[in-house]
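Enquirer: take a look and give me a structure for this.
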Amino acid sequence: MVFFWLIVLGLLTYVLLQRSVSRITRTPVWLLWLVMMMPAFVLTAWVLVNGSEKPAPTALLLGLFIACPILYWALIEKGRIALPKAAEAESAAADAKPLAPPKSVPRPIDKDEEAMLQGCFPWSVYYLQNIEYRPQAMICRGQLRSTPTVAYDTVRENIRRHFGDRFLVLFQEGLQGKPVFALVPNPQVEKGDRSNQTLTRPGLALGLLLVTLFTTTAVGTYLAGVTEEQLQATPALILQGLPYALGLLVILGCHEMGHYLAARRYKMRVTLPYFIPVPFFLGTLGAFIQMKSPVPNRRALFDVGIAGPLSGLVVAVPLLLWGLSQSTIVPIPETGSSLLNFEALDPKASLMLTLLSKLVLGSAVAADEAIHLHPIAIAGCLGLVVTALNLMPVGQLDGGHIVHAMYGQRIGSIVGQVARLLVFGLALVHPELMIWAILLFFIPAADQPALNDVSELDDRRDMLGLVALTLLVMIVLPAPGILTRLLY
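Expert: Alright, predicted model coming up:
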């Protein structure tokens, strides 16, 4: 069992690394993965040698969880790719100072184009004071004299009219709270049409979906109680795994399609959802899409980020309610239960699960009883878990996008740091969350900014964001004692 969870953690870690940091550093992903997994490897070796009864020394734990993050950060910084990314341009615009006279920096535009660029900033919208040339961007500083949305739209259209798609126009907050424009070379212009040829791969997406359907059906057959001997004698019994497989794939598919449709609404270049099949554990490690173009503004960042979790919940909750009605009540095992113990799930491990189980089962489930989940209920429960993981307000997770869009990049980064510490503290009480806590510490806390990262959200989106964060708390936190005494 120890090796099983080690493999699962290793796969999850590699997928997260490939999605989050492989684009910002030349350091090999396998090396970063090895550093991230080092605490798990060392602690597993300790358990195998000394047994689980003897706890690891505090000095060893502190050394692992301090040295490995520092080494991980150092490896990323050593190999960081110096490309004209939005985040790097914002950093240069905000706090970088010239390291050499302007004449030593190659200018991407000539004198005539510089005069043309100055004319792109109407004094009544954004009064341009100076242009700084950096190796990766042109920083245009001035005074904002209109709303951020009007200023960005006006300047962007003027630059597009004179320079075409040659530059990406970024609008970011500076250190003193003064918004600055940054112009960076558009990488899509350099790639030309070659990037469009590989953007949509329906054959690959369909193939991964079919393979994942098979692996989840195989796992669902096991969850339905079919033994290997029974399956060999009657191969048709594998169809009993379809309810779990179809339920889980519909939830994950709706989650990713929510992201996909929201991104296409804003005319962003995005791939189709790709499922990740595995022949064990849950049958899949989830699904993902890749955005191939910058996010235009914080409103788009919010809509794309929140569309996935809400779309998944719209399907997961009804499936969970129906699955709970088909589940059976069992005693809580002496070793205790958790949110991922599907044979004897303690509904009190999650506030939302407590409310949903009481809604469906009523007085049939008591405080000292657990639930043996029906396969459909397992899929619905996993839908809640996947939603909670994605709503964590850290980095490039959906919750990180939501918090960034609501409060800005800097505050979003601070919230991400606090969230990681809170989850780690919660994992000390509920060990089943420890994998999440470890993974969150290795996800960059800062989200990449949108092109227009200054314009704020409207009140409706702010309220919807608070609702999403409330759902996260309701899924992750156990039911408080006062509520369980009222309900049971």
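Enquirer: I'd guessed residue 441 sits against residue 424; true?
Expert: Yes. Contact criterion Cβ atoms under 8 Å: residue 441 and residue 424 qualify, at 7.3 Å. C-beta here means a position set from N, CA and C on the backbone, and glycine is covered the same way.
Enquirer: neighbour-wise, which of those two wins?
Expert: Taking other Cβ atoms under 10 Å, residue 441 and residue 424 do not tie; residue 441 has more neighbours (20 against 17).
Enquirer: show the pLDDT at the more buried one.
Expert: Residue 441 is assigned a pLDDT of 76 by the prediction.
Enquirer: which elements pack onto the host helix or strand of residue 483?
Expert: Taking DSSP states H and E as the definition, one finds residue 483 inside helix 481-487. The contact analysis (3 or more Cβ pairs under 8 Å, 6 or more residues apart in numbering; DSSP states H and E) places helix 481-487 against helix 351-361.
Enquirer: list the buried residues for the next helix or strand after the helix it packs on?
Expert: Elements were assigned by DSSP H and E; along the chain past helix 351-361, the next helix or strand is strand 369-372. Across strand 369-372, burial judged by 16 or more other Cβ atoms under 10 Å covers 369, 370, 371.
Enquirer: then stretch 417-435?
Expert: Buried-residue list, stretch 417-435, by 16+ other Cβ under 10 Å: 419, 420, 423, 424, 426, 427, 430, 433, 434, 435.
Enquirer: in strands only, show me the residues you listed.
Expert: Per DSSP state E, strands hold no members of the buried residues of stretch 417-435.
Enquirer: so which of those residues comes closest to residue 451?
Expert: Residue 451 lies nearest to residue 419 out of the buried residues of stretch 417-435, by Cβ to Cβ, at 25.7 Å.
Enquirer: for that closest one, give its distance to residue 135.
Expert: Distance from residue 419 to residue 135, counting by Cβ to Cβ, to the nearest Å: 34 Å.
Enquirer: likewise for residue 281?
Expert: 46 Å.
Enquirer: so if I had to pick from these two, which one is more boxed in?
Expert: Taking other Cβ under 10 Å, residue 281 and residue 135 do not tie; residue 281 has more neighbours (15 against 12).
Enquirer: what's downstream of the helix or strand of the chain with the lowest mean pLDDT, the next helix or strand?
Expert: In the chain, no helix or strand scores lower on mean pLDDT, DSSP states H and E than helix 86-95, which sits at a mean of 42. Toward the C-terminus, helix 86-95 is succeeded by helix 111-118 as the next helix or strand (DSSP H and E).
Enquirer: now find how far off-centre that next one is within its chain.
Expert: Taking Cα atoms, centre = their mean, to the nearest Å, one finds helix 111-118 lying 41 Å from the centre of the chain it belongs to.
Enquirer: in terms of secondary structure, what does that helix contact?
Expert: strand 126-133, helix 148-163.
Enquirer: mind checking the pLDDT average for that helix?
Expert: Here the average pLDDT along helix 111-118 is 87.
Enquirer: quick check: closest non-adjacent residue to residue 487.
Expert: residue 358 (5.2 Å; Cβ to Cβ, 6 or more residues apart in numbering).
Enquirer: check contacts around that neighbour.
Expert: Contacts for residue 358 were tallied using Cβ atoms under 8 Å, 6 or more residues apart in numbering; they are 347, 365, 487.
Enquirer: please tell me I have it right and residue 291 contacts residue 268.
Expert: Yes. Using Cβ under 8 Å, residue 291 makes contact with residue 268 at a distance of 5.9 Å.
Enquirer: quick check: neighbours shared by those two?
Expert: residue 304.
Enquirer: before we move on, back to that, who's in contact with the helix holding residue 483?
Expert: 348, 351, 354, 358, 367, 479.
Enquirer: can we see that at 7 Å?
Expert: For helix 481-487, the external contacting residues (Cβ atoms under 7 Å, 6 or more residues apart in numbering) are 348, 354, 358, 367.
Enquirer: repeat that for stretch 212-229.
Expert: 231, 237-238, 240-245, 248-249, 275, 277-279, 282-284, 342, 375, 378.
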